[in-house]
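# Please find the sequence and the predicted model below.
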2 protein chains.
Amino acid sequence: MMNILVCDDDKEIVDAIEIYLKQEGYHIIKAYDGLEAIKALKENDIKLLIIDIMMPRLDGINATLKIREYSSIPIIILSAKSEDTDKILGLNIGADDYVTKPFNPLELVARVKSNLRRYTSLENLNIDNNSTFTAGGLLINDETKEVTIDGEAVQLTPIEYNILLLLVRNQGKVFSINQIYESVWNEEAIGADNTVAVHIRHIREKIEINPKEPRYLKVVWGVGYKCEKL
Amino acid sequence: MMNILVCDDDKEIVDAIEIYLKQEGYHIIKAYDGLEAIKALKENDIKLLIIDIMMPRLDGINATLKIREYSSIPIIILSAKSEDTDKILGLNIGADDYVTKPFNPLELVARVKSNLRRYTSLENLNIDNNSTFTAGGLLINDETKEVTIDGEAVQLTPIEYNILLLLVRNQGKVFSINQIYESVWNEEAIGADNTVAVHIRHIREKIEINPKEPRYLKVVWGVGYKCEKL
DNA sequence: AGCAATCTTAAGAAAATATTAAAAAATTTC
DNA sequence: GAAATTTTTTAATATTTTCTTAAGATTGCT
């Protein structure tokens, strides 16, 4: 079954799209704002996303940017104003295609098929379906939650894993201790400095040859930590 | 997750706002004066700021001015007296909207949504997202906190980095020693002349071929320092 | 020249991160 | 459901890096 996520705050539009695509044999998952879309993406094996721009809570543009941090599934943007088309495609927000509202059902179906074909062709087959991330000899497979360093398996605890995943997914980018805490724990960071520091050390002990001279998890003094881009 | 920073010295107001906005799916980060707000902005990925005017240490007006030196996120000012409305909006301190206390929760929520929508619309998309700055052969990537000079990586300390970022972001503009101190340290400058001078020299040593004849960080005698527009 | 502003140097003070071990929680196993 | 194990947090201390200070030198200006 080929899952397609459709996200628009207008329930009628979502339902309409569902009818068209269901006829083609696709299974539709629905979301009504950007946050729901991101949640649905994590919880389901979704092959393509159709997303509206104007939505409450988290709009389509920002949802796309966020999703592109970790996934390259095809994203088709639905837009009310055709004038912005150029901007959407021009700005590299990471969308693959766009359709303007009101849209021709046949055109939408055609674009869905075309994008799926392109994505599932051999080139892209092994890029993200196995959602793996690498940095030098470090390899993270988020599907199996396995981590290897130079081919050797590494046993990380859940928190350690999540911290490492965050940093490797966005390698190069520096995260403050607060950002790390809030991203991994999903709660406000109050006096969490040392907690994060201890976890960082534990990770280093497991993935670094010499934890005192880390190759991967570098500290940026006064700012935070990052995974070196390798 | 859409982070909103709420800043007021009255804890009850902050908590009340948190309740309203949480219901809408936003994540609230709290601060109780201007300095805390600026710190929180640096450490978190914040999309909108709601800030009171009257606060200890650093008031909302001055905090806004300071934040506008490097960010264009939407700022909504909370004000006790409606008479000052004109001044706040008229004086271009850089706020996007204002709400008078006592405020209608629904109005506040509406204004938050409206400002976020406007901000995340396409026009502004690539203003703040791209976080790199250049001046001649000097390149600063604020995301990775990396600085290169003619392609060569340069290792700066946090204060050095912040001073250089301020000057390069506003290259050509002259900043007095006091302005630099207050912007980087977030506290009143008292006898800080020499401190700043020492840091300037350290930066020059790292980015200039000949620190005695700086190409980038020029002194404007009797006024302050600037980064040459290149 | 004479004054004030800026520069320079190095060393002590301060701040941030690292480390270690042990206590507290959470999970798993029996 | 209790014991054993693993994981997470806390706390105290150590280490590293960065900041500030002070005192003298230099530079630019009138």
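Sure thing, it's come through.
# Give me the helix or strand of chain A that scores worst on average pLDDT.
helix A:122-128 (a mean of 46; mean pLDDT, DSSP states H and E).
# Mind listing the strands the helix or strand just after that one pairs with, and their directions?
Going down the chain from helix A:122-128, the next helix or strand is strand A:132-135, by DSSP states H and E. According to DSSP bridges, strand A:132-135 forms sheet pairs with strand A:138-141 (antiparallel).
# what pLDDT, on average, does the next helix or strand after the strand it pairs with get?
Counting by DSSP H and E, the next helix or strand C-terminal to strand A:138-141 is strand A:146-149. Strand A:146-149 shows a mean pLDDT of 94 in the predicted model.
# Now do the longest strand seen in chain A: everything it contacts.
In terms of residue count, the longest strand belonging to chain A (DSSP state E) is strand A:46-52. For strand A:46-52, the surrounding residues in contact (CB atoms under 8 Å, 6 or more residues apart in numbering or on different chains) are A:2-10, A:13, A:17, A:29, A:34, A:37, A:40-41, A:60, A:63-64, A:67, A:73-79, A:99, A:108, A:112, A:115-116, A:119-120. All C-beta spots, glycine's among them, are computed from the backbone N, C-alpha and C.
# excluding its backbone neighbours, what's nearest the residue in chain A that DNA strand C sits nearest to?
At 3.6 Å from DNA strand C, A:Val219 is the closest residue in chain A, using CB to the nearest atom of the strand. Once flanking residues are discounted, A:Val219 sits nearest to A:Tyr225: 5.7 Å by CB to CB, 6 or more residues apart in numbering or on different chains.
# which stretch of helix or strand covers that neighbour?
Assigned by DSSP H and E, A:Tyr225 falls in strand A:224-227.
# same deal with A:Ile29?
Secondary structure (DSSP H and E) places A:Ile29 in strand A:27-31.
# Could you list every helix and strand in contact with the strand holding A:Tyr225?
Counting contacts by 3 or more CB pairs under 8 Å, 6 or more residues apart in numbering or on different chains; DSSP states H and E, strand A:224-227 is packed against helix A:158-169, helix A:177-185, strand A:217-220.
# Restricting to C-alpha, output the shortest one in CSV.
What follows is strand A:217-220 as a C-alpha-only set of coordinates in CSV (Å, rounded to 0.1, in the frame of the first residue of the first chain):
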residue,chain,number,x,y,z
LEU,A,217,31.2,15.7,18.9
LYS,A,218,32.9,19.0,19.2
VAL,A,219,32.3,21.7,21.8
VAL,A,220,31.9,25.3,20.6
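# got the buried residues for that strand?
Neighbour-count burial for strand A:217-220, counted by 16 or more other CB atoms under 10 Å in any protein chain shown, picks out A:217, A:220.
# Buried ones from the contacts of strand A:46-52, can you make that a ChimeraX selection?
Selecting only the buried entries of those in ChimeraX, with 16+ other CB under 10 Å as the criterion:
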select /A:2,3,4,5,6,7,8,9,13,17,29,34,37,40,41,60,63,64,67,73,74,75,76,77,78,79,99,108,112,115,116,119
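# need the contact list for the residue in chain A that DNA strand D sits nearest to.
Nearest residue of chain A to DNA strand D (CB to the nearest atom of the strand) works out as A:Thr157 at 2.6 Å. Residues near A:Thr157 by CB under 8 Å, 6+ apart: A:His202.
# tell me which residues of stretch A:145-157 are tucked away?
Those would be A:147, A:149, A:154, A:156, for stretch A:145-157 by 16+ other CB under 10 Å.
# tally of neighbours for the residue in chain A that chain B sits nearest to?
Nearest residue of chain A to chain B: A:Gly222, at 2.9 Å (CB to the nearest CB). Using other CB atoms under 10 Å in any protein chain shown, A:Gly222 is surrounded by 14 other residues.
# So the nearest residue to it once chain neighbours are set aside versus B:Leu165, what's the distance?
Closest residue in space to A:Gly222, ignoring its immediate chain neighbours: B:Pro158 at 2.9 Å, by CB to CB, 6+ apart. Between B:Pro158 and B:Leu165 the computed distance is 10 Å (CB to CB, to the nearest Å).
# which of those two has more neighbours?
The neighbour comparison of B:Pro158 against B:Leu165 (other CB under 10 Å) goes to B:Leu165, with 22 against 13.
# Contacts only, for the more buried one.
B:Leu165 touches B:70, B:133, B:140, B:142, counting by CB under 8 Å, 6+ apart.
# Could I get the phi/psi values of the residue of chain A closest to chain B?
phi 80, psi -10 (degrees, to the nearest 10).
# Do I have it right that it meets B:Glu160?
No - using CB atoms under 8 Å as the test, A:Gly222 is too far from B:Glu160 to be in contact (10.0 Å).
# Can you give me the domain boundaries for chain A?
A:3-128, A:132-227 (automatic domain parsing).
# Spell out which parts of chain A neighbour DNA strand C.
A:177, A:193-194, A:197-198, A:200-201, A:204, A:211-212, A:219, A:221-224 (CB under 7 Å from any atom of the strand).
# how about 6 Å then?
Counting by CB under 6 Å from any atom of the strand, chain A comes close to DNA strand C at A:194, A:197-198, A:200-201, A:211-212, A:219, A:221-222.
# Among those, name the ones in strands.
Going by DSSP E, the strands hold A:Val219 from these.
# what's the closest of the residues of chain A next to DNA strand C to A:Lys229?
Distance to A:Lys229 across the residues of chain A next to DNA strand C (CB to CB) is lowest for A:Val219, with 15.4 Å.
# circling back: please flag which of the residues of chain A next to DNA strand C sit within helices.
Assigned to helices by DSSP state H, the following of those qualify: A:194, A:197-198, A:200-201.
# interface residues of chain A facing chain B?
A:33, A:35, A:54, A:56-59, A:61-62, A:65, A:84, A:87-88, A:91, A:93, A:172-174, A:176-179, A:182, A:188, A:220-223, A:226, A:229 (CB under 8 Å from any CB of the partner chain).
# Recalculate using a threshold of 6 Å.
A:35, A:57-59, A:62, A:84, A:87, A:91, A:172-174, A:176, A:178, A:220, A:222-223 (CB under 6 Å from any CB of the partner chain).
# Which one (most neighbours) among these?
A:Leu58 (23 neighbours).
# ok so it is a helix residue?
No - in this structure, A:Leu58 is coil, not part of a helix, as judged by DSSP: H, G, I helix; E, B strand; the rest coil.
# and it, what does it touch?
Residues in contact with A:Leu58 (CB atoms under 6 Å, 6 or more residues apart in numbering or on different chains) are A:33-35, B:2.
# Now go through the residues you listed and say which are in strands.
Short answer: those have none in strands (DSSP E).
# which SS state does A:Ile77 fall under?
Classified using three-state DSSP, A:Ile77 is strand.
# same thing with A:Ile4?
A:Ile4 - assigned by three-state DSSP - is strand.
# Report the contact partners of A:Pro74.
Per CB under 6 Å, 6+ apart, neighbours of A:Pro74: A:48, A:96, A:115, A:119.
# Redo those residues as a markdown table? Include secondary structure.
A markdown table is the format used below for the contacts of A:Pro74 (three-state DSSP):
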| residue | secondary structure |
| --- | --- |
| A:Leu48 | strand |
| A:Asp96 | coil |
| A:Asn115 | helix |
| A:Tyr119 | helix |
